[in-house]
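**Student:** Next come a sequence and a model predicted from it.
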Amino acid sequence: MSALTEAIARSFTTREKQPPARSPLRALGRRQLSGAEVLAQSVATTAPAVSMVVLPVTMLTHGHLLSGMITIIIATVLVTLIAFCISQFTRRMAASGGLHSFAFRGLGTRAAITTGIAILVKYVGSAVMTLYHGGLAVITLLGFAGIRVHGAFQLIALYTVLAALILACLLRSVRFAALAILVAESCSLLFIVALMLIGGDQHAQIIPSTSGHGLLITALAALFALAGFESAAFFGPEARRPLVTVTRTILFTPMICGVLFIFAGWSAWTGRSDTLVNAYLHGTSTGVSPAVVIALNIGMGCSWLASSMASSNAASRLLYSFGVERLLPRAFAHVHSAFRTPSVALSAVVAAVLFGGGTFAVIGRGVFFEDLRLTVRAAVIVAYALVAISSVVFLTRIGEDTPRVLAAASCGSGAGAVVLGYLVYANIVDHTYIAPIAVLVILSSGTLWQFYLRRRSPQSLLHIGAFDQPETEDVLPGAGVFGTDAAGNIVLVGESAVGPR
């Protein structure tokens with residue numbers, strides 16, 4: 001008699017203990033998303049259509065064409081190594097806290113909180129910047145239609161409408177949001193790739209940068225263009241086959257986007273991106289067809305807004321996880337009764353994104369926008385480095401460490417530390433201190449927050465690292481052993497030893 005036959009037979013005679021086991025993340029609605037929908041979330045967060053224009057602009061502005069191409073290739077390899085480290089967690093667990101929950105499994109509470117804050121800064125900051133740029137694209141398109149948007153009131157009204165549309169899509173359902181993201185990003189990518197393949201007879205009109213850190217800026221742009229692939233991990237509990245689907249998405253997204261960005265770098269090197277660059281920087285003033293400029297703004301506007309939506313979606317799952325773990329008030333763990341989306345967390349994230357994007361729209365980009373950009377890029381490097389190190393510690397603890405994971409983590413975290421150190425050094429040399437201070441605050445946040453929790457709410461420390469766990473209905477009666485964890489929850493602790501094996 002096979003083990004499965006024995007388990008089925010025992011299920012008819014075994015009575016389960018009460019209360020039943022329940023996943024702490026069950027309120028989100030488990031097993032909803034298909035592989036394509038998870039991939040759409042991951043790819044859209046990176047905004048590949050936008051990056052395929054921004055990267056050539058960065059390379060041309062700083063005069064790093066060949067070195068820029070090499071930098072993009074190296075960045076793709078390094079981010080893929082980080083993805084390999086993250087996949088060691090995604091193939092074993094699904095958690096709405098994503099990298100935050102993974103870091104806890106490897107390095108404990110302080111590293112988990114630090115990673116959570118770093119990745120939250122990344123997603124909210126990215127959503128602010130992409131909403132701001134998406135709004136500018138909409139304003140440009142309205143200008144072609146003869147509608148001028150000017151003045152603080154009109155700008156705030158426009159950005160409020162955009163934020164409300166994003167929130168409505170995200171609240172409706174996670175599948176509806178994924179479909180909207182997929183359609184917007186796919187159309188944008190098709191247009192950008194087609195125009196780069198066709199090329200043009202223009203020469204890019206670029207104002208050379210006077211910065212002495214051109215290669216650093218190019219490297220940061222390439223790394224940040226690839227960042228966001230890990231957002232798939234935040235939707236593990238909602239994926240139909242989380243351990244398979246999320247892992248494949250985590251591994252394939254950097255490769256897919258990396259190929260697109262290498263193609264964009266080649267287009268800048270050969271001059272095929274010059275028409276797009278002129279249309280992006282100067283509109284029709286350099287002789288670019290108005291139809292091309294309109295199509296470019298539609299494509300990039302959709303990509304920016306899709307990225308803002310995807311980043312807000314991922315950030316909401318992190319805040320939801322913080323609510324479940326009691327790091328934040330339990331209100332953040334509230335889920336809409338009909339749509340099964342974290343409504344409070346989504347509303348808080350979109351409100352913060354609207355405030356940031358609307359503020360920049362009214363006061364202009366200025367120096368604070370660049371500080372935000374550098375802070376966001378530094379934050380994602382911190383998160384990646386911590387999770388890479390966590391993967392080695394985690395696998396060593398469970399006795400499954402391999403030389404490949406150690407090599408990937410060493411290369412990924414080591415390169416991240418070098419880039420982060422150079423970024424801090426370059427800012428201090430240039431007498432700009434906001435980004436270095438932000439890095440210091442992020443690195444110390446885990447220690448400070450843990451100290452606060454130990455004094456004010458020590459019980460919350462028992463809930464950190466919550467992940468999707470098998471429920472009573474997921475296991476054949478008698479086939480598993482359920483017990484109580486440190487927080488008092490009923491969880492699956494092992495297989496039943498009843499009957500011959």
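**Tutor:** Happy to help now that I have it.
**Student:** for V392, what are its contacts?
**Tutor:** Counting by Cβ atoms under 8 Å, 6 or more residues apart in numbering, V392 makes contact with 85, 106, 401, 405-406, 409. Every residue, glycine included, has its C-beta placed from N, CA and C.
**Student:** any idea which element it lies in?
**Tutor:** helix 366-397 (DSSP states H and E).
**Student:** thinking again about what came up before, please narrow the contacts of V392 to those residing in strands.
**Tutor:** Among the contacts of V392, none falls in strands (DSSP state E).
**Student:** Just to be sure, R340 is in a helix?
**Tutor:** No - in this structure, R340 is coil, not part of a helix, as judged by DSSP: H, G, I helix; E, B strand; the rest coil.
**Student:** Tally up the residues packed near it, please.
**Tutor:** 17 (other Cβ atoms under 10 Å).
**Student:** so how far is Q205 from P20?
**Tutor:** 66 Å (Cβ to Cβ, to the nearest Å).
**Student:** Nearest residue to T253 in space, please, no chain neighbours.
**Tutor:** F229 (3.8 Å; Cβ to Cβ, 6 or more residues apart in numbering).
**Student:** Who are the packing partners of the helix or strand where I256 lies?
**Tutor:** Assigned by DSSP H and E, I256 falls within helix 242-270. Here helix 242-270 touches helix 35-46, helix 48-62, helix 66-90, helix 174-198, helix 214-226, going by 3 or more Cβ pairs under 8 Å, 6 or more residues apart in numbering; DSSP states H and E.
**Student:** Distance from that helix to the middle of the chain?
**Tutor:** Centroid separation between helix 242-270 and its chain, computed with Cα atoms, centre = their mean, to the nearest Å, is 14 Å.
**Student:** Show me what secondary structure element comes after that helix.
**Tutor:** Trace forward from helix 242-270 with DSSP H and E and the next one is helix 274-282.
**Student:** quick one on the thing from earlier: mean confidence score for the helix holding V392?
**Tutor:** Regarding helix 366-397, the rounded mean pLDDT is 93.
**Student:** that older thread, so for P20 and Q205, which sits in the more crowded spot?
**Tutor:** Counted by other Cβ under 10 Å, P20 and Q205 do not tie: Q205 has more neighbours, with 14 against 11.
**Student:** Pick out the most distant pair among the contacts of V392.
**Tutor:** G106 and L406 (13.0 Å; Cβ to Cβ).
**Student:** Not counting whichever helix or strand V350 is part of itself, show me its contacts.
**Tutor:** Taking DSSP H and E as the definition, V350 sits inside helix 343-363. By Cβ under 8 Å, 6+ apart, the residues outside helix 343-363 that reach it are 123-125, 127-129, 131-132, 135-136, 152, 155-156, 158-160, 163, 166-167, 170-171, 308, 312-313, 315-317, 319-320, 323, 331-336, 368-369, 372.
**Student:** in that helix, what counts as buried?
**Tutor:** 343-346, 348-350, 352-354, 356-361 (16 or more other Cβ atoms under 10 Å).
**Student:** Looking at the residues you listed, which is nearest I381?
**Tutor:** Using Cβ to Cβ, the buried residues of helix 343-363 come closest to I381 at G356, 20.9 Å.
**Student:** on that earlier part again, select from the helices and strands packed on helix 242-270 the stretch with the lowest mean pLDDT.
**Tutor:** helix 174-198 (a mean of 78).
**Student:** where's G143 relative to L179, distance?
**Tutor:** Taking Cβ to Cβ, one finds G143 at 30 Å from L179.
**Student:** and what of A227?
**Tutor:** Distance from A227 to L179, by Cβ to Cβ: 23 Å.
**Student:** Between the two, tell me which one has more neighbours.
**Tutor:** Between A227 and L179, A227 has the larger neighbour count (other Cβ under 10 Å), namely 27 against 15.
**Student:** pretty sure that one contacts G125?
**Tutor:** No - look at A227 against G125 with Cβ atoms under 8 Å: they stay out of range, at 11.1 Å.
**Student:** Compute the inter-axis angle for the helix holding V350 and helix 174-198.
**Tutor:** In terms of direction (axes from the mean of the first three to the mean of the last three Cα atoms, to 10 degrees), helix 343-363 departs from helix 174-198 by 40 degrees.
**Student:** Low-confidence ranges, the stretch 101-250 of the chain, go.
**Tutor:** Across the stretch 101-250 of the chain, residues meeting the criterion (pLDDT under 70) sit at 199-202, 204, 207-212.
**Student:** mind running it again at 80?
**Tutor:** 173-185, 187-188, 195, 197-215 (pLDDT under 80).
**Student:** Check the contact between V382 and A118; I expect there is one.
**Tutor:** Yes - assessed by Cβ under 8 Å, V382 is found in contact with A118 at 4.4 Å.
**Student:** who has more neighbours, these two?
**Tutor:** A118 (28 against 23).
**Student:** secondary structure element for that one?
**Tutor:** Using DSSP H and E, the element containing A118 is helix 109-144.
**Student:** How many residues are close by A145?
**Tutor:** Neighbour number of A145 under other Cβ under 10 Å is 8.
**Student:** Show me which positions of stretch 256-274 end up buried.
**Tutor:** 256-258, 260-269, 271-274.
**Student:** ugh, typo on my part, it should be stretch 76-92
**Tutor:** Quick answer for stretch 76-92 (16+ other Cβ under 10 Å): 76, 78-90, 92.
**Student:** chain center to stretch 158-177: distance?
**Tutor:** On Cα atoms, centre = their mean, the centre of stretch 158-177 falls 18 Å from that of its chain.
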